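Peer 1: quick one, fold the following:
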Amino acid sequence: MITKEIAMTCPREMWHNTLKNADGTPVRLRSTGQCKTWKTRPEEFKLPVKHGLRDHFYLDATNSAEWSLPGRWPLERHWG
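Peer 2: The predicted model follows:
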């Protein structure tokens with residue numbers, strides 16, 4: 001799970017807990033910018049990410065449970 005504290009350090013690569021590529025490796029994301037936060041909503045964050053060549057979206061509190069860091073991926077894919 002990617003938390004706000006992890007997103008603030010701008011990890012370079014994140015892996016999906018359940019989705020896999022055709023070769024069996026986990027689907028990967030790259031961060032493309034700085035994490036955005038708000039003073040009025042301290043629990044919210046938005047991290048711009050890129051998947052593949054053209055797919056861009058934001059990693060935020062609603063979808064951050066689906067992703068993990070490569071070092072923690074073996075644990076979180078089973079018990080996430």
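Peer 1: ok, Lys36 - how many residues close by?
Peer 2: Applying other Cβ atoms under 10 Å, we find 13 residues neighbouring Lys36. Every residue, glycine included, has its C-beta placed from N, CA and C.
Peer 1: nearest spatial neighbour of it, skipping sequence neighbours?
Peer 2: Leaving aside its sequence neighbours, Lys36 sits nearest to Lys46 (Cβ to Cβ, 6 or more residues apart in numbering; 4.5 Å).
Peer 1: residue contacts, that neighbour?
Peer 2: 35-36, 58-60 (Cβ atoms under 8 Å, 6 or more residues apart in numbering).
Peer 1: kindly report the same for Cys35.
Peer 2: By Cβ under 8 Å, 6+ apart, the contact set of Cys35 is 4, 7-8, 10, 45-47.
Peer 1: quick one: which of those has the most company?
Peer 2: Leu47 (26 neighbours).
Peer 1: give me the three-state assignment for that residue.
Peer 2: For Leu47, the secondary structure call by DSSP: H, G, I helix; E, B strand; the rest coil comes out as strand.
Peer 1: quick check: it touching Glu5?
Peer 2: No: counting by Cβ atoms under 8 Å, Leu47 does not reach Glu5; the two are 11.9 Å apart.
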